[in-house]
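[1] Fold the following.
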Amino acid sequence: MVIDLEDASCLEAKAQARAHAVAWLSEAHPVYVRINATDTEWVEDDLVAINCPVPGRVMLPKTAGADDIRYISSRLRPGTPIIALIETARGLLFSYEIASMDRTYLRLAFGSIDLSA
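    Predicted coordinates:
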C-alpha cells in the first residue's frame with residue numbers, strides 16, 4: 001500500500017494528509033509513503049513526519065539522479081527503504097545510477113503518466 005502525499009493531496013490539505021499518514025504508520029501497517037519531490041517546499045515536512053517512532057518506507061517521486069537519493073537518505077533513519085519513482089527523461093537517463101544506490105530498495109518504479117507527459 002502507498003499513502004500518497006504528493007499528487008493525491010491538494011495544496012490546501014497537505015499538512016492534514018501528512019498527519020493522517022503518520023497516524024496510520026505502525027508495525028501493523030507497513031506502508032510506503034509517497035512524499036513530495038525533493039524540489040518542493042513540502043519535502044522537509046514530509047521527511048520530518050515520516051521519521052516518527054515507526055518510520056514509513058519512502059516512495060520518492062520525480063527522482064532525477066543519485067543526488068536525490070543521497071538527499072533523502074541523509075534525512076531518514078538508516079535502512080529506511082526508498083523506491084525511486086522515475087517520471088522524467090532526466091530520471092530515465094540516470095536510472096542506472098539511481099538503481100545502483102544502496103538505499104534504493106530492490107527496484108525502480110516508473111510513473112507512466114508523468115513520464116509520457
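[2] Buried residues, the helix or strand containing V48. List them.
    Using DSSP states H and E, V48 maps to helix 43-50. Neighbour counts over helix 43-50 (16 or more other CB atoms under 10 Å) mark 43, 45-47, 49-50 as buried. Using the backbone N, CA and C atoms, a C-beta is placed for each residue, glycine as well.
[3] now stretch 48-62
    So, applying 16+ other CB under 10 Å, buried residues of stretch 48-62: 49-50, 55-62.
[4] In helices, which of those residues fall?
    Judged by DSSP state H, these include 49-50 as members of helices.
[5] Include pLDDT and distance to L92 when you put the buried residues of stretch 48-62 into JSON lines, please.
    Below are the buried residues of stretch 48-62 laid out as JSON lines (pLDDT from 0 to 100; distance: CB to CB, whole Å):
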{"residue": "A49", "pLDDT": "89", "distance to L92": "29"}
{"residue": "I50", "pLDDT": "86", "distance to L92": "26"}
{"residue": "P55", "pLDDT": "67", "distance to L92": "29"}
{"residue": "G56", "pLDDT": "72", "distance to L92": "26"}
{"residue": "R57", "pLDDT": "84", "distance to L92": "23"}
{"residue": "V58", "pLDDT": "90", "distance to L92": "20"}
{"residue": "M59", "pLDDT": "92", "distance to L92": "17"}
{"residue": "L60", "pLDDT": "94", "distance to L92": "15"}
{"residue": "P61", "pLDDT": "95", "distance to L92": "14"}
{"residue": "K62", "pLDDT": "95", "distance to L92": "11"}
